[in-house]
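**Q** model this:
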Amino acid sequence: MASSHSESRHSDKTWDYVIVGGGSAGSALANRLSADSSTTVLLLEAGRSDYKIDPFINMPAALPIPIGNRFYDWKYETDPEPNMFDRRIYHARGKVLGGSSSINGMIFQRGNPLDYQRWGADPGMETWDYLHCLPYFKRMENCLAGADDWRGGDGPLKLERGPATNPLFGAFFEAAQQAGYPLTDDVNGYRQEGFARFDRNIYRGRRWSASRAYLDPVKARKNLTIETHAFVTLVNFEGNRAVGVNYLHRGRSHTVRAGEVVLCGGAINTPQLLQLSGVGDQNLLTQLGIDVVHHLPGVGENLQDHLEVYIQYASKQPVSIAPGLRYRQRPKIAFQWLFQRGGLGATNHFEGGGFARSNDDVDYPNLMFHFLPIAIRYDGSQPAGLEPGAHGYQVHIGPMYADTRGWVRIKSTDPKMHPSMQFNYLSTPNDRREWVEAVRVARDILNQPAFAAYNDGELSPGPSVATDDEILDWVRKDAETALHPSCTAKMGIDDQAVTDPTSMKVHGTDGLRVVDASVFPYVTNGNIYAPVMMTAEKAADLIAGNTPLAPAEVPYYRYRDDTPLYPPGDPRNDAPRVSTTKEDHS
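**A** Residues are numbered from 1 along each chain as shown. Purely as a prediction, here's the structure:
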C-alpha cells in the first residue's frame, strides 16, 4: 500500500493513480478518485498554482491578460495553415493549476444533445449518447438559475446566468427574432437552438475554475498530493504496462511509480506525451529513434477546433462598455470588484448569444454567436475606423462542427519542444460554404430594425467585403481560434481510435488512461469546457469501478421529428416516442 501524504517525491512509494495535468479534467479526477480514502492520488501540474490573490485569474474581466503571457499560457501556435495564407494560428493553453479553465472566457456550453447522439452512433460508443451523458452534466452543476430535469443544482461547478442588461443585448435578442430565429429559455437545457443569456463559470464576481470547484475543497485530503511546476517528460513502461512517469521539478529530474497513469494534458500535450513515450504511429516514432511500445496510428490525428471571426459595428449611442477601457476608470473598477464583487470587473462580458442553423441541410445548430457590447479584440485592439474609447459592439461567429481534420505530431524527442500542429482550417468545400453562411447570417441579424437606433455602420469586415470569395479571403486573413482543440486521442474501437470508451484505457496498453478533450470523437457545437468536465465525471466512475449513473429519461428538442433519439440500430428508436415538447413533459 502507498505510504503517507507527507513523504517526499523522492521516495520509493507507488501511487495508485498518477494524474498528469492539473487542468480541467485533472482537477475533477483528482477530486473524485481521492474520495476513496484507501486510494492514493498524485496530481502533477507543469504550471504554477492559481493563487486566490491573483487578479489576472480571478477577476473575470481580466481574461485577456493571461492569454499570451508566458506565466499563464503555453503559447502554442500551428504550422503554417495552407488555407489561411500560410498564417500560424496562435493557440493559448493554460499553464497554471486549473489549466485553461483558469484563463478561458468562462462561457459554459454543453453542446447540443445531438452531438452526443453522434458520439453514441459510433461503434463501441453506445454509452456516450446524450441520455447517458446527461446525468453527469447534472452531477457536476450547481445551476444558480434553477435546477430541473435537465440541469443540476448541487454540483461543485457554480454557474451564474449572465444578466445581459446592457441595452445592446436587448437589441441583439430582438434582432435575432426579427431575422427569424427563436429565443430559448436555456441553451444548456431542453432546447439549445435559439438565443438567450449564457451560463458562466463565475460566482460572486470571481472566476469559478475547475481548480476552484474541485481541488480547493479537497486539498487537505491526506491521500491527495498536488505538485505544481512538475513537467512530465515520459511515461515509463514495463512491456506494454505503464508503471509511472518521469518529470522535472524546478530543474531536477524525478521518477514516480504508479498503479495507473492518467493523462489529462489536453488535445495537444496528451498526444505529444504518448508519442514521446512510444505510443503512436510507428513510422513517426522510429524516424525519431523512439522505441515503439505500441503502434497506435490514431494518436495525434483527428484534430478538430472551432475558428471564429469578429463582426464589429460602430454604435450611434454611448451605451457600450468602452469607457471601462480608460485608465482613469481602472481604480473604480478594481474597487468595485475587490470590495463589492460587482461592476465591470465582475463579468466576462460574454453574457448572451445563441445557436442557429445556417442551412436546412443540418439537423441542429452549426453556428454559435457570442455577443459583446464593445468592439474590441482579445489583444485589446479596436477595429479600424473606430476612435480609441468610441462605442461599438460585435458578435463572435463561426461554424461549430466543420469536417476539417488536422494533427499533432512531435518533431523531436525533446519534451519541451512544441509539436507540429496543423488544423487544416477551411480545407473542405463544406467548411468554406458554412463560413460564408456564418458571416451572412451574422450580418442579417445585426442589420435588423432592432439595431436601427445603434447601428452606425459595419467596421469589420466592412462593406467592401461582400462576395463569397471576399468573405473567405477575409476569414483567411482575420480569423482566430476559439481555443477548442480536441479529438486527438479519440474514444472508439475503429482503426484510428486511441481510447477505450468503456474504460478510458489506451488501446494496446495496460495501466494507462486518457481523460481530457483529446478523447472526444467529434468536437461539440459550443465551448468545450463543459463537455470536458462531463467526460471527467463519467470517466471517474469508469476508472474507479463505480456503478455508472443510470441514463436519463427526458425529452430534448429536435428540429426534425424523425431524428433518432438513440444510436442507429437501437430498438428503442422503434418504440413509441415520449413527447419531444417540454410543455408535455412531466
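**Q** Please put the alpha-carbon coordinates of stretch 196-216 into PDB.
**A** Extracted C-alpha coordinates of stretch 196-216, given in PDB (Å, rounded to 0.1, in the frame of the first residue of the first chain):
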ATOM      1  CA  ALA A 196     -30.500  33.500 -24.700                       C
ATOM      2  CA  ARG A 197     -28.500  34.700 -21.700                       C
ATOM      3  CA  PHE A 198     -25.500  32.400 -21.200                       C
ATOM      4  CA  ASP A 199     -24.300  30.400 -18.200                       C
ATOM      5  CA  ARG A 200     -20.800  31.500 -17.000                       C
ATOM      6  CA  ASN A 201     -18.200  29.900 -14.600                       C
ATOM      7  CA  ILE A 202     -18.500  32.900 -12.300                       C
ATOM      8  CA  TYR A 203     -19.600  33.000  -8.700                       C
ATOM      9  CA  ARG A 204     -19.900  36.200  -6.600                       C
ATOM     10  CA  GLY A 205     -17.800  38.100  -9.100                       C
ATOM     11  CA  ARG A 206     -14.900  35.600  -9.300                       C
ATOM     12  CA  ARG A 207     -13.800  33.100 -11.900                       C
ATOM     13  CA  TRP A 208     -15.000  29.600 -10.800                       C
ATOM     14  CA  SER A 209     -12.400  27.400 -12.400                       C
ATOM     15  CA  ALA A 210     -12.100  23.600 -12.300                       C
ATOM     16  CA  SER A 211      -9.400  24.000  -9.600                       C
ATOM     17  CA  ARG A 212     -11.500  26.300  -7.500                       C
ATOM     18  CA  ALA A 213     -14.500  24.000  -7.800                       C
ATOM     19  CA  TYR A 214     -12.800  20.600  -7.500                       C
ATOM     20  CA  LEU A 215      -9.400  21.000  -5.800                       C
ATOM     21  CA  ASP A 216      -9.900  23.700  -3.200                       C
END
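**Q** residues of it that come out buried?
**A** Using 16 or more other Cβ atoms under 10 Å as the burial criterion, the residues of stretch 196-216 that qualify are 196-203, 205-216. All C-beta atoms are positioned from the backbone trio N, CA, C, and that covers glycine.
**Q** Equivalent analysis for stretch 51-62, please.
**A** Applying a neighbour-count criterion of 16+ other Cβ under 10 Å, one finds 54, 56-62 buried in stretch 51-62.
**Q** what does stretch 135-155 give?
**A** If you call a residue buried by 16+ other Cβ under 10 Å, then stretch 135-155 has these buried ones: 135-143, 145, 148-152, 155.
**Q** again, but for stretch 340-360
**A** Residues 343-358 are the ones in stretch 340-360 that count as buried (16+ other Cβ under 10 Å).
**Q** Check stretch 214-233 too.
**A** 214-216, 218, 221, 223-228, 230-233.
**Q** try stretch 408-418
**A** Along stretch 408-418, these residues count as buried under the neighbour rule (16+ other Cβ under 10 Å): 408-410, 415, 418.
**Q** Also stretch 318-338?
**A** Of the residues in stretch 318-338, those buried by neighbour count under the rule 16+ other Cβ under 10 Å are 319-322, 324-325, 333, 336-337.
**Q** Closest one to residue 448 out of those residues, please.
**A** Distance from residue 448 was checked for each of the buried residues of stretch 318-338 by Cβ to Cβ. The minimum falls on residue 319, at 17.1 Å.
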